[in-house]
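**Q** got a predicted structure plus its sequence, pasted below:
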Amino acid sequence: MTTRPSSSPAIEVAGLRKRYGRKQAVDGLDLSVERGEIVAILGPNGAGKTTTVEILEGFRHRDDGVVRVLGEDPQTADRDWRARIGVVLQGTNDLAEATVAELVRHFARYYPDPRDPDEVIDAVGLREKARVRARQLSGGQRRRLDVALGIVGRPELVFLDEPTTGFDPQARRSFWDLVEGLRSDGTTILLTTHYLEEAERLADRVVVVADGRVVAEGTPDDLGGRGARQAVVRWVDAGGTHEVRTDTPTRTVTELAARYDEIPELQVLRPTLEDVYLGLLQGAGAQVHELQEAVR
Ligand SMILES: Nc1ncnc2c1ncn2[C@@H]1O[C@H](COP(=O)(O)OP(=O)(O)OP(=O)(O)O)[C@@H](O)[C@H]1O
């Protein structure tokens with residue numbers, strides 16, 4: 001095993017490609033994740049997120065591109081490497097007869113320096129269910145068990161593919177607290193999600209993927225570039241509806257207040273991450289369309 005300085009990125013991907021038959025699922029994807037960083041991959045259904053994550057986990061072979069995960073190529077990495085990675089598998093069906101506590105303890109034994117299984121069960125909110133068989137858990141509880149099994153080995157890097165799908169709002173919030181806890185332990189996390197609120201709450205950086213490529217990236221506040229989150233001041237008078245985009249909405253409103261006794265139908269709106277994200281996808285769709293037109 002080659003050892004690399006721990007200052008090298010946790011994940012480095014350049015020009016990643018993967019095709020299934022005629023479907024180009026991943027089409028020249030570049031990605032870098034620093035140690036200790038939490039990165040969220042957002043993208044519509046079929047964008048190539050799961051394929052990318054499975055390649056990084058070493059479960060799928062790529063067609064092309066360079067991939068380094070904790071300094072190793074996942075395609076050829078050994079068991080020591082695998083012990084440093086936390087993979088949250090979806091459904092442990094073959095072990096469904098075992099209880100939650102048995103499963104977490106069993107998985108812990110595979111690792112050289114595992115977390116305390118009871119603490120992990122507490123952290124994922126399954127203390128009350130510790131003696132319950134896996135097959136008797138609800139969908140959301142099952143998912144939390146999957147997460148427990150993914151983190152009990154104290155991995156340096158955790159992959160979470162749509163971790164809170166099927167969670168009720170309370171379970172989602174406690175899961176977010178769990179991820180915050182992993183962050184403070186210095187764990188690097190790559191997660192995919194369809195919940196913008198989840199990305200906004202957890203991620204240091206958001207990467208938007210569409211058609212197998214990165215179309216935008218940035219912190220949740222900066223995504224879409226300067227201006228994407230500018231406030232919109234809107235009001236209506238005899239001349240119709242007026243809109244001003246501005247970084248200084250207070251100043252705009254103060255100026256308007258001098259003009260009107262009461263500013264008619266005043267609204268100050270700030271685009272959410274969701275607005276920015278949907279705008280980016282529209283932009284990406286338009287670019288792909290132009291490309292297809294150009295090829296015809
Ligand atoms: N094993 C497979 N065989 C053939 N096509 C596949 C296979 N896995 C994925 N695909 C196709 O590749 C594309 C990318 O799929 P992928 O699951 O990576 O997307 P995703 O971004 O994770 O989507 P979702 O948000 O729905 O989970 C899709 O068009 C999908 O239908």
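**A** Good, I have the coordinates.

**Q** now do G224 against the ligand, distance only.
**A** As judged by C-beta to the nearest ligand atom, to the nearest Å, G224 and the ligand stand 20 Å apart. The C-beta positions use only the backbone N, C-alpha and C, and glycine is treated the same way.

**Q** look up how far T219 lies from Q230.
**A** Using C-beta to C-beta, to the nearest Å, Q230 is found at 16 Å from T219.

**Q** try R62
**A** Using C-beta to C-beta, we find R62 at a distance of 28 Å from T219.

**Q** ok, now G46?
**A** G46 is 26 Å from T219, by C-beta to C-beta.

**Q** check A83 too.
**A** The spacing between A83 and T219, counted by C-beta to C-beta, is 31 Å.

**Q** if you count surrounding residues, which of these two has more?
**A** Ranked by neighbour count (other C-beta atoms under 10 Å), A83 and T219 place A83 first, with 17 against 11.

**Q** chain neighbours aside, what residue packs nearest to that one?
**A** Distance criterion C-beta to C-beta, 6 or more residues apart in numbering; nearest residue to A83, sequence neighbours excluded, is Y111 at 5.5 Å.

**Q** the one you found and G150 touch, don't they?
**A** No: between Y111 and G150 there is no contact under C-beta atoms under 8 Å: 11.5 Å.

**Q** just the element for the residue most central in space within the chain, please.
**A** For the chain, the residue nearest the mean C-alpha position is A40 (2.6 Å; C-alpha atoms, centre = their mean). Using DSSP states H and E, A40 sits within strand 38-42.

**Q** stretch 203-210 near the ligand at all?
**A** No: Stretch 203-210 stays out of contact with the ligand when judged by C-beta under 6 Å from any ligand atom, the minimum separation being 6.8 Å.

**Q** how much space is there between the residue located most distally from the centre of the chain and R205?
**A** Going by C-alpha atoms, centre = their mean, the residue of the chain most distant from its centre is D261, 47.2 Å out. D261 sits 46 Å away from R205, going by C-beta to C-beta.

**Q** and if you look at L31?
**A** Going from L31 to R205 by C-beta to C-beta gives 10 Å.

**Q** what's the answer for D63, then?
**A** 26 Å.

**Q** ok, the two, which is more surrounded?
**A** R205 (18 against 13).

**Q** hmm, that one is touching T219, no?
**A** Yes: between R205 and T219 there is a contact at 5.9 Å, judged by C-beta under 8 Å.
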